[in-house]
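Student: Give me coordinates for this.
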Amino acid sequence: MSLEGNKAPEFSLAGSDGTQHTLEQYAGKTVVIFFYPKDNTPGCTKEACGFRDNYAGLTGNGIVVLGVSKDSISSHGKFIANYDLPFVLLSDPDCSMMQAYEAFGEKVMCGKTTTGTIRSTVVVGPDGMVVKQWAKVAKAEQHPDQVVAYLLG
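Tutor: This next block holds a predicted model:
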């Protein structure tokens, strides 16, 4: 099922900046939310660094970037420091936001079916509607460029 065309699920999660974040506080802005399995792992690092490298272009167009995983705020802090990430990472330890955004569930890794975080991204429009969803991101290192191409043409 796609979230596109539907109201984005509300959330309230702790951010790496020390504050609680809700979807409501971003009303009127375009928000990119990327869900990733784990801080400081090769694929997630490439993806986060891709968003970092495109950050100025996105924010220059009024676009907010948020990363979400079930890692702790402490782990997020190390990830941000290691790679100079300029955006807020949200901690979703019980996976409630990820489940609401279809970013948690069954996936196949190395031929085995497991349950966990599904690398995916949504773009929420200024009206709170999901305008684009990448339900399963295959190539983490190429994905940020796909998002930028979609948003900025």
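Student: Tell me where the protein has helices.
Tutor: 42-53, 55-59, 73-83, 96-100, 143-152 (DSSP state H).
Student: for the second one, the distance to its chain's centre please.
Tutor: The gap between the average C-alpha position of helix 55-59 and the chain average comes to 15 Å, counting by C-alpha atoms, centre = their mean, to the nearest Å.
Student: So which residue is smack in the middle of the chain?
Tutor: Nearest residue to the geometric centre of the chain (C-alpha atoms, centre = their mean): F34, 1.5 Å.
Student: check contacts around that residue.
Tutor: Going by C-beta atoms under 8 Å, 6 or more residues apart in numbering, F34 touches 47, 51, 65-68, 120-121, 143, 147. (Each C-beta comes from the backbone N, C-alpha and C, glycine too.)
Student: Including distance to G111, could the helices of the chain go into JSON lines?
Tutor: As requested, those are exported to JSON lines (distance: least, C-beta to C-beta, whole Å):
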{"stretch": "helix 42-53", "distance to G111": "17"}
{"stretch": "helix 55-59", "distance to G111": "35"}
{"stretch": "helix 73-83", "distance to G111": "28"}
{"stretch": "helix 96-100", "distance to G111": "23"}
{"stretch": "helix 143-152", "distance to G111": "22"}
